[in-house]
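Novice: I need the structure of the sequence given here:
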Amino acid sequence: MNLKQLQLVCEMVKNGYNVSRTAEALFSTQPGISTQLKSLEDELNVKLFKRKGKRITGLSEAGERVLVLAEDTLHNVKTIKQIGLEHSSKDSGQLSIATTHTQARYALPAVIKKFAENYPNVKLQIHQGNPIQISEMVIHGEADFAIATESIAQYEKLATLPVYKWNRCIVAPKNHPILKIKKPTLEDISKYPIVTYDSAFTGRSIIDSAFSQESLTPNIVLTAIDSDVIKTYVEIGLGIGLLANMAYDEDLDINLGRVDASHLFNDSTTCIGFRKGQFIREYMYDFIQWFSHNLTRDMVIEANQQ
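Specialist: Alright, predicted model coming up:
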């Protein structure tokens, strides 16, 4: 048994048990993948995968147990390498961040700029997705940090810390009637078609809950994961937009007006998450503290050890 075989098990699950996609991800061939899988199963004398004919359809009971240990083993190997790099190449390495479009576009640029200036030899990567996708990226070792709303705290393998609270605004084309109401109600909003976030985002559930409590059914005509997409369709007249306050820029969104809606909805909290037990390099601590001045090193260490 070797690390490549353990990585293969993880990649098979990640790629939906598709041998072709797994081979592509590992720069291998389908016959090569099949041979390695058979070799591992022969060595363990157990079937790790369920099969229907020649097609792999899922994990066996033994395979599910092996997957957990394989992920932990690969995580520990990565940690060992990080420890070595921290002592041999203190100011170089890689920082991979998985986050939503809104965070990447509006909340992170200033801290990314400062980080790049202070650590020019650290390679930065930003992966975008919804909270479920980015949480899984961190759990599976594809990213160091997940930055999204508090929904990422539901994952037991992640340590999460709150960064800041935010709320929402209404955007609409200039001269739209909704913009003339200084403090609109949910009933006012429900009179118009609405463009807002996809249901995969925690912020969307807060919107839905607020309308439900007032026994109102909003006319949501389009959802998206991208704040800029929401604003684009609002601008062409598809409806009014409900989005994060930070996503409206008065200087850039010159064709749109804005009215605050934070009195209508509960606050959301942006959190930063990382896999529990992860070795956090010095430049990672700096990134966390630049992103949130309220988070101390001791707070990060305590969360990591829970």
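
Novice: mind giving me the domain split of this protein?
Specialist: Annotated domains of the chain cover 3-69, 89-165+269-305, 168-266 [automatic domain parsing].

Novice: tabulate those domains (CSV), appending distance to residue 76, mean pLDDT and mean neighbour count.
Specialist: Every residue, glycine included, has its C-beta placed from N, CA and C. Listed next are those as CSV, based on distance: least, Cβ to Cβ, whole Å; pLDDT from 0 to 100; neighbours: other Cβ atoms under 10 Å:
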stretch, distance to residue 76, mean pLDDT, mean neighbour count
domain 3-69, 10, 89, 15
domain 89-165+269-305, 8, 92, 18
domain 168-266, 31, 94, 17
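
Novice: looking at those, spot the one closest to residue 75.
Specialist: Of all those, domain 89-165+269-305 sits nearest to residue 75, with 5.7 Å by Cβ to Cβ.

Novice: quote the end-to-end distance of the closest one.
Specialist: Start and end residues of domain 89-165+269-305 are separated by 25 Å (Cα to Cα, to the nearest Å).

Novice: also stretch 168-186?
Specialist: So stretch 168-186: terminal residues 13 Å apart, Cα to Cα.

Novice: can you list contacts of it?
Specialist: Under the contact criterion Cβ atoms under 8 Å, 6 or more residues apart in numbering, stretch 168-186 has outside partners 188-189, 192, 203, 207, 210-211, 214, 216, 230-231, 234-235, 237, 240-245, 248, 253, 255-265.

Novice: kindly report the same for stretch 289-304.
Specialist: Taking Cβ under 8 Å, 6+ apart as the rule, stretch 289-304 contacts 108, 111, 114-115, 147, 159-161, 163-164, 272, 274, 276-278, 280, 285, 288.

Novice: just the ones of those residues in helices?
Specialist: 111, 114-115, 285, 288 (DSSP state H).

Novice: in which helix or strand does the residue nearest to the spatial centre of the chain reside?
Specialist: In the chain, the residue lying closest to the centroid (Cα atoms, centre = their mean) is residue 134, at 2.7 Å. Following DSSP states H and E, one finds residue 134 within helix 131-139.

Novice: again with residue 290
Specialist: Using DSSP H and E, residue 290 falls in helix 282-291.

Novice: got the CA positions of that helix in PDB?
Specialist: This file holds the C-alpha atoms of helix 282-291, laid out as PDB (Å, rounded to 0.1, in the frame of the first residue of the first chain):
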ATOM      1  CA  GLU A 282       3.300  31.900  10.200                       C
ATOM      2  CA  TYR A 283       2.100  33.700   7.100                       C
ATOM      3  CA  MET A 284      -1.300  32.000   7.600                       C
ATOM      4  CA  TYR A 285      -1.600  33.500  11.100                       C
ATOM      5  CA  ASP A 286      -0.800  36.900   9.500                       C
ATOM      6  CA  PHE A 287      -3.500  36.500   6.900                       C
ATOM      7  CA  ILE A 288      -6.100  35.600   9.500                       C
ATOM      8  CA  GLN A 289      -5.200  38.600  11.700                       C
ATOM      9  CA  TRP A 290      -5.200  41.000   8.700                       C
ATOM     10  CA  PHE A 291      -8.600  39.800   7.700                       C
END
